[in-house]
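**Q** Any chance you can model this:
(chains A and B)
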Amino acid sequence: KTNYNPWENYRFTGDLRPVYPLSENRIVPDDIVKPDYAIDGFPRSEAAVKGSTQIDILNAEEIEKMRKVGKFGREVLEIGKKAAKVGVTTDEIDRIIHEASLERKCYPSPLNYHNFPKSCCTSVNEVICHGIPDMRPLKDGDILNIDVSVYYDGFHSDLNDTILIGNVDEKGKKLVKVTKECLDKAIEACKPGFLYRDLGNIIQKHAKANNFSVVKSYCGHGVNRLFHGPPNVPHYAKNKAVGIMKPGHTFTIEPMINEGGWEDEQWPDHWTAVTADGKRSAQFEQTLLITETGVEILTA
Amino acid sequence: MNREEDDVPELIESENPIPIQDTFKRELKLNPVPVTIITGYLGSGKTTLINRLLTENHGKKIAVILNEFGESSGIDKSLTGNDTEGDLFEEWLELKNGCLCCSMKDPGIKAIENLMKKRGKFDYILLETTGLADPGPIASMFWLDSELGSDIYLDGILTMVDSKNGFKYLRENQNNKNVINEFTRQIALADRIVLNKLDLIDETSLEELKSKILDINSVAPIYQTSNAVVPIDFFLDQNCFSEGKKLEPQPISSHLNDSLVETIYFTIDPPLTINISKLDHWLQIVLWEKNPKALKLMISKNYDHNKFISSIEKISKDENNFMSILRLKGLVCQSGVESDKKIVIQGVYEIFDKHVGGSWGLEDRTSRMVVIGHNLELNLLKNSFYEYCVEKY
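**A** Residues are numbered from 1 along each chain as shown, chains lettered A, B, ... in the order given. Model (predicted):
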């Protein structure tokens, strides 16, 4: 079996190349409860509320379930991060994450979501998000984002971290550090009464102060019974997001910050998002709960 | 380095290289292209209007994006300057008058921007929706945040009406007291209305139909015609989402308004200034929370917005009374040092935006608000606005 680049004529924006073939589809045993899209790839429960801006308010029982699936999500991500070293393929990290999810009786949410082929997203260097785990071994100097989502007892959690592989240059380290700070500052502001549309102002201010830009095409989102639901949470300033934070809301903030310009493109796999200028991008994500007085990080 | 005399000299990178495509891109950013959404039932004359735009020598470069191509669309194939036998669905047709026509099943921003990259800049883009569509979601999609720096912007929504069948469509679903039918939505969301097929309706029925339409939307200018003959400047380049124009309702003779959706209009007289943060709270309540109880609290002067939001879920809800806003437009005189700058408010369903318009200068600074929706009470809206938003010194 030889490895190959599936799109010889595509004009890649950076140095990264996909390494195909992808490994075979991973199986999820029958005793694990699956979301509606596991069978045919189509998330019909999400489609049913498409366009709605009504944000679910979870009761105490549902919040407990979110705490549980949040904890599982963090455990699985940490296991994946531990395995990420120079020479390890992103496919191998996917395998480890897939198995760690099953061990906890969780369904790995990305698997078959709109036909996504793997159980997590691995985004290297200029990949902004939704990178598909493949046969490329990690290289010294890469920055890697691993995005994990798991589904347990009817609820999803969603989180991601960017890590340094081997020796990363100063600018790369700064990008990763500032991105984490963008997320942390946004989380600090969360409490009942705060507007979802104001999070972007905080994130963009900090990114801009460090000469980085904010990706505009991908947003944070409500997460609970649905993998992706209202509210829509843009990360850029002056947006028209609908909604005020209220106790019981659960959602993600997941800023993607770029070394160069904010513009993005998509690979021919219709998933992998890359920077238009080929420069690097970092991301961090947490699932959050608005409490009576402030915010709780469910995926801490 | 050994080089032949005839070799092409090496290019030296300049300090700030500006590749040719980028100047084109920059020009687009500085002059984004307006998008007009055209909606209307089958038979309203949309196709006739579009055919006119694609054949007449109006001198404008218009890109028309149809919902579907082919025989059923009614678009005359003989319009094309060349022989097109092939598959039209992925292509565009260049018309003899310089316009362009293509079809996109689910037109997205990226698709249209790509079209312009390939085919050059247009003066206008006209986007056709399906006959039964609610133009709201499509408008929201094209109502982009300026931060996104798109090459296009939402200019307005044009609704075509078939006069002959107007009454029939108005009455659809009337048995269900809380369902706002598609026809009503298309009228409510319209920035411009064309009342077509005048030749097929008598004077009395026409006046009646007009008054029913004005009941729903009192502020959208109406153009009456036959055969979809409409001057281009009635509906193209109108800036309906950026300026605070056409807010005054047209006069209607007094009669019983039994429409589910109506237009509420109020002004702040005398022209006091408005606290913009409080205005935002008011908009959040009207457009997002929709609970009239909150507006009553605002009138009582005991209103604390944050407290209300935090405890809102514990308040008993009578959702049958909840307001349902389809369209909101306002022009407000803000308090503070920036008072000379107008504040323009636009809203489509739950999405709203406040932005700075031009200067008031010597113009009359009366703040005014138009709300089009269901379960609206003029006094509640006006008094809550007055008590809560007007700046108190």
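
**Q** For the helix or strand hosting A:Lys65, buried residues please.
**A** In the assignment (DSSP states H and E), A:Lys65 maps to helix A:60-83. The neighbour-count criterion (16 or more other C-beta atoms under 10 Å in any protein chain shown) identifies A:62-63, A:65-77, A:79-81 as the buried residues of helix A:60-83. From N, CA and C alone the C-beta is placed, and that goes for glycine too.

**Q** which ones among these come in contact with chain B?
**A** Applying C-beta under 8 Å from any C-beta of the partner chain to those, one finds that nothing falls near chain B.

**Q** Burial check on the closest residue to B:Asn275 other than its chain neighbours, number of neighbours?
**A** Excluding the flanking residues, the one nearest B:Asn275 by C-beta to C-beta, 6 or more residues apart in numbering or on different chains is B:Glu391, at 4.8 Å. Number of residues near B:Glu391 (other C-beta atoms under 10 Å in any protein chain shown) recorded here: 15.

**Q** before we move on, back to that, and the next element down the chain from the helix holding A:Lys65?
**A** Once helix A:60-83 ends, the next helix or strand along the chain (criterion: DSSP H and E) is helix A:90-103.

**Q** Could you list the paired strands of the helix or strand immediately after that following helix in the chain along with their orientation?
**A** Downstream of helix A:90-103, the first helix or strand assigned by DSSP H and E is strand A:107-108. Looking at strand A:107-108 with DSSP bridges, its partner strands are strand A:143-152 (antiparallel).

**Q** Just want the angle from the partner strand to helix A:90-103.
**A** With axes from the mean of the first three to the mean of the last three C-alpha atoms, to 10 degrees applied, the angle from strand A:143-152 to helix A:90-103 works out at 20 degrees.

**Q** From the chain's centroid, how far away is strand A:143-152?
**A** 6 Å (C-alpha atoms, centre = their mean, to the nearest Å).

**Q** Could you do stretch B:353-361 as well?
**A** What separates the centre of stretch B:353-361 from the centre of its chain is 18 Å, taken as C-alpha atoms, centre = their mean.

**Q** got a list of contacts for that stretch?
**A** Here stretch B:353-361 makes contact (C-beta atoms under 8 Å, 6 or more residues apart in numbering or on different chains) with A:240, B:143, B:242-244, B:276, B:279-280, B:283, B:331, B:333, B:338-347.

**Q** pLDDT (mean, whole number) over it?
**A** The average pLDDT within stretch B:353-361 is 91.

**Q** now stretch B:162-173: how far from the chain's centre is it?
**A** When distances are taken as C-alpha atoms, centre = their mean, stretch B:162-173 is centred 22 Å away from the chain's centroid.

**Q** Kindly report the same for stretch A:107-127.
**A** On the basis of C-alpha atoms, centre = their mean, stretch A:107-127 sits 9 Å off its chain's mean C-alpha point.

**Q** Kindly report the same for stretch A:5-19.
**A** Centre-to-centre, stretch A:5-19 and its host chain are 22 Å apart (C-alpha atoms, centre = their mean).

**Q** One more: stretch A:164-184?
**A** Chain-centre distance of stretch A:164-184: 17 Å, with C-alpha atoms, centre = their mean.

**Q** do stretch A:24-31 as well
**A** Chain-centre distance of stretch A:24-31: 22 Å, with C-alpha atoms, centre = their mean.

**Q** first vs last residue of that stretch, how far apart are they?
**A** Counting by C-alpha to C-alpha, to the nearest Å, you get 21 Å between the two ends of stretch A:24-31.

**Q** got the buried residues for that stretch?
**A** Neighbour-count burial for stretch A:24-31, counted by 16+ other C-beta under 10 Å, picks out A:Arg26, A:Val28.

**Q** My guess is the residue nearest to B:Asn275 contacts B:Ser335. True?
**A** Yes. At 3.8 Å, B:Glu391 counts as touching B:Ser335 under the criterion of C-beta atoms under 8 Å.

**Q** Are there residues contacting both of those two? Which ones?
**A** Contact criterion C-beta under 8 Å, 6+ apart; residues shared by B:Glu391 and B:Ser335: B:Thr273, B:Ile274, B:Asn275.

**Q** From those, which land in strands?
**A** Using DSSP state E, no member of the shared contacts of B:Glu391 and B:Ser335 falls in strands.

**Q** Chain A: which of the residues you listed is nearest?
**A** Of all those, the one with the least separation from chain A (C-beta to the nearest C-beta) is B:Asn275, at 16.8 Å.

**Q** Just list the residues touching the residue nearest to B:Asn275, thanks.
**A** B:Glu391 makes contact with B:Leu272, B:Thr273, B:Ile274, B:Asn275, B:Ser335 under the criterion C-beta under 8 Å, 6+ apart.

**Q** Looking at these, which two lie furthest apart in space?
**A** Spatial extent of the contacts of B:Glu391 (C-beta to C-beta) is set by the pair B:Leu272 and B:Asn275 at 10.2 Å.

**Q** Identify the contacts common to the two.
**A** Between them, B:Leu272 and B:Asn275 share these contacting residues under C-beta under 8 Å, 6+ apart: B:Val390, B:Glu391.

**Q** Which residues does the residue positioned nearest the centre of chain B form beta bridges with?
**A** Centroid-nearest residue in chain B: B:Gly156, 3.8 Å away (criterion: C-alpha atoms, centre = their mean). Note on B:Gly156: beta-bridge partners B:Thr36, judged by DSSP bridges.

**Q** can you map out the helices along chain A?
**A** A:37-40, A:44-48, A:60-83, A:90-103, A:170-189, A:199-209 (DSSP state H).

**Q** which parts of the first one are buried?
**A** Neighbour-count burial for helix A:37-40 flags A:Tyr37, A:Ala38 (criterion: 16+ other C-beta under 10 Å).

**Q** first to last residue in stretch B:209-224, what's the distance?
**A** 12 Å.

**Q** whoops, I mixed them up, stretch A:132-145
**A** Chord length of stretch A:132-145, first to last residue, is 11 Å (C-alpha to C-alpha).

**Q** per-residue confidence averaged over it?
**A** Mean pLDDT, computed over stretch A:132-145, is 97.

**Q** Return the distance of it from the chain's centre.
**A** Stretch A:132-145 sits 16 Å away from the centroid of its parent chain (C-alpha atoms, centre = their mean).

**Q** Show me which residues of the stretch 151-300 of chain A sit near chain B.
**A** Taking C-beta under 8 Å from any C-beta as the contact definition, the stretch 151-300 of chain A meets chain B at A:192-193, A:195, A:216, A:234, A:236-240, A:242-244, A:246-248, A:292.

**Q** Separate out the buried members of the residues you listed.
**A** The neighbour-count test (16+ other C-beta under 10 Å) marks A:192-193, A:195, A:216, A:234, A:236-240, A:242-244, A:246-248 as buried among those.

**Q** what about B:Lys212, which SS state?
**A** The local conformation at B:Lys212, judged by DSSP: H, G, I helix; E, B strand; the rest coil, is helix.

**Q** Now it: closest residue in space that isn't a chain neighbour?
**A** Nearest in space to B:Lys212, with sequence neighbours left out and distances taken as C-beta to C-beta, 6+ apart, is B:Leu170 at 5.9 Å.

**Q** Would you enumerate the residues in contact with that neighbour?
**A** So B:Leu170 contacts B:Asn181, B:Phe183, B:Thr184, B:Leu209, B:Lys212 (C-beta under 8 Å, 6+ apart).

**Q** how far away is A:Gly294 from chain B?
**A** Distance from A:Gly294 to chain B, counting by C-beta to the nearest C-beta, to the nearest Å: 11 Å.

**Q** can you count the residues close to that residue?
**A** By other C-beta under 10 Å, neighbour count at A:Gly294 equals 16.
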